[in-house]
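Chemist: pasted the sequence and its predicted model underneath.
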Amino acid sequence: MRDTLWLIRKTFMSTFKNYLNLFIYFVFPVMGILLATLVQGGTGDSELKMGIVNHDGGQAITKRMMDSVGKQDSMLVIELEENEIKGRIASGELDAAIIFPTGFAQSLIAHKPADVKIVSIKGAQVTGQVTATLDQHINNMVSVGRAAQGDEAKFIALYDKFQKPGFELAGKKVEDQSVNFNKTNQSIGYLLILMLVSASNLSGILIKERENRTYYRLLSSPISPRTYVLSNIIVNLTMMMLQIAVTLLIMMTIFHVDPGIPYWSMFLILVLFALVAIGLSLVIVAFSSSSSTASGMQNMILIPTSLLSGCMFPLVLMPETMQQLARFLPQYWLLDTFSDLQQGGSFGELSLNLIILIAFSVVFTLIAVYKFGRNNDTRSYI
């Protein structure tokens, strides 16, 4: 036990002698959260600031159209002059502006709506939402115009009646959590990559100490090869638990991300994945004869599998064949577990996912132990 504690202390000291390692283990995950926040944008509940220009004078029908647009919960509407549009949009006061042309009311009565102009510099994300809203209201008014048969008074009466349904609906606003969920999954995806890299780097100490012959000097003491490897595993697991805890704490306290899952359950699931990462890192060490070989295997395994499993971008963007291949990777099962929990699933319902993660950890560890045991040269660990 004393030998194990001494080796753990030695590994910690040699690892953090280089302050760059602290940056890699604890700052990179924070940068991953920041990147996910920038990619996913705001909270998802932002209100569009709209300006409306009315060239149709005091036409009652056009006024009703403007009122209908203004009642949208997703839009904050103000009326302004056309010469104010460019300045306000450029300064960010407005997201877009709607210009109703002269004769717009009469075109609706004739059920041949005139073109409404939309001005924006924010692209299809804004103009698409505004266009969809306008199309809905204009189509309703065109239908009323057909029924009114060109009679303006009848048009107004029918439209007012249309706006007052014969039944009442009770509405309740539900907060859109999709952005928070996507932000969480993206952050966790980046964290998984860093955990795999961290585990491989810490396990790589075994190879480096073998190359600089520190390993042989240690074995000349009462320390056994098994104790040596076990101490590395303990350091590896401790470091990743700290990495997970720091990342989740920053997500909660600084970025105020609501993952839709209790943080303690996220921690436990990620610790389970840490065991998978350690097992995989030991496999890489067991099959590597040098640091360069281990580095090459890391590049061939870690990044491609993380890319394929959806750690860098949503899996749904990939072809169906690639989505099926992702099911053979542990990262996929962890991300799938988080997604299902966000949708209201329970741990009992997701027991298969957790069993699969445990199976990955056990299989990787057994492969590493078997390979260590088959190494018959003087560089063998066990």
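Modeler: Sure thing, it's come through.
Chemist: biggest strand in this structure, by residue count?
Modeler: Assignment by DSSP state E gives strand 48-54 as the longest strand of the chain.
Chemist: distance from the chain centre to that strand, please.
Modeler: Its chain's average C-alpha position is 33 Å from that of strand 48-54, according to CA atoms, centre = their mean, to the nearest Å.
Chemist: which helices and strands does it pack with?
Modeler: Packing partners of strand 48-54 (3 or more CB pairs under 8 Å, 6 or more residues apart in numbering; DSSP states H and E): helix 60-70, strand 75-79, helix 85-91, strand 96-100, helix 124-148. For glycine as for every other residue, the C-beta is placed from the backbone atoms N, C-alpha and C.
Chemist: columns distance to residue 340, mean neighbour count and mean pLDDT on top of these, output as TSV?
Modeler: Rendered in TSV, the data for the helices and strands packed on strand 48-54 read as follows (distance: least, CB to CB, whole Å; neighbours: other CB atoms under 10 Å; pLDDT from 0 to 100):
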stretch	distance to residue 340	mean neighbour count	mean pLDDT
helix 60-70	39	18	79
strand 75-79	34	15	83
helix 85-91	42	14	84
strand 96-100	38	21	86
helix 124-148	29	16	78
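Chemist: so which of those gets nearest residue 281?
Modeler: Comparison of those against residue 281 by CB to CB identifies helix 124-148 as nearest, at 41.7 Å.
Chemist: tell me the angle that closest one makes with helix 60-70.
Modeler: Between helix 124-148 and helix 60-70, the angle comes out at 140 degrees (axes from the mean of the first three to the mean of the last three CA atoms, to 10 degrees).
Chemist: any idea how far residue 74 is from residue 320?
Modeler: For residue 74, the distance to residue 320 equals 34 Å [CB to CB, to the nearest Å].
Chemist: so what are the sheet partners of the longest strand of the chain and their directions?
Modeler: Sheet pairing for strand 48-54, assigned by DSSP bridges, gives strand 75-79 (parallel), strand 96-100 (parallel).
Chemist: now distance to residue 32 too, for the ones you listed, in TSV please.
Modeler: Listed next are the strands paired with strand 48-54 as TSV, based on distance: least, CB to CB, whole Å:
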stretch	distance to residue 32
strand 75-79	34
strand 96-100	33
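Chemist: now tell me which helix or strand of this structure has the poorest mean pLDDT.
Modeler: For the chain, using mean pLDDT, DSSP states H and E, the weakest element among its helices and strands is helix 214-219, scoring a mean of 72.
Chemist: C-terminal to that one, what's the next element?
Modeler: The first helix or strand that comes after helix 214-219 along the chain, using DSSP states H and E, is helix 225-253.
Chemist: now do the next helix or strand after that following helix: which elements does it pack against?
Modeler: For helix 225-253, the succeeding helix or strand toward the C-terminus, using DSSP H and E, is helix 263-286. Helices and strands touching helix 263-286, as assessed by 3+ CB pairs under 8 Å, 6+ apart, comprise helix 178-211, helix 225-253, helix 291-309, helix 330-342, helix 351-374.
Chemist: just the C-alpha atoms of helix 263-286, please, in PDB.
Modeler: What follows is helix 263-286 as a C-alpha-only set of coordinates in PDB (Å, rounded to 0.1, in the frame of the first residue of the first chain):
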ATOM      1  CA  TYR A 263     -25.600  17.200 -12.100                       C
ATOM      2  CA  TRP A 264     -24.800  14.400  -9.800                       C
ATOM      3  CA  SER A 265     -26.200  11.900 -12.300                       C
ATOM      4  CA  MET A 266     -24.100  13.500 -15.000                       C
ATOM      5  CA  PHE A 267     -21.100  13.100 -12.800                       C
ATOM      6  CA  LEU A 268     -21.700   9.400 -12.200                       C
ATOM      7  CA  ILE A 269     -22.300   8.600 -15.800                       C
ATOM      8  CA  LEU A 270     -19.200  10.500 -16.900                       C
ATOM      9  CA  VAL A 271     -17.100   8.600 -14.300                       C
ATOM     10  CA  LEU A 272     -18.400   5.400 -15.800                       C
ATOM     11  CA  PHE A 273     -17.100   6.700 -19.200                       C
ATOM     12  CA  ALA A 274     -13.800   7.600 -17.500                       C
ATOM     13  CA  LEU A 275     -13.300   3.800 -16.800                       C
ATOM     14  CA  VAL A 276     -13.900   3.200 -20.500                       C
ATOM     15  CA  ALA A 277     -11.300   5.800 -21.400                       C
ATOM     16  CA  ILE A 278      -8.800   4.300 -19.000                       C
ATOM     17  CA  GLY A 279      -9.400   0.800 -20.400                       C
ATOM     18  CA  LEU A 280      -8.900   2.100 -24.000                       C
ATOM     19  CA  SER A 281      -5.700   4.000 -23.000                       C
ATOM     20  CA  LEU A 282      -4.300   0.800 -21.500                       C
ATOM     21  CA  VAL A 283      -5.100  -1.100 -24.700                       C
ATOM     22  CA  ILE A 284      -3.100   1.600 -26.700                       C
ATOM     23  CA  VAL A 285      -0.200   1.300 -24.300                       C
ATOM     24  CA  ALA A 286      -0.300  -2.600 -24.400                       C
END
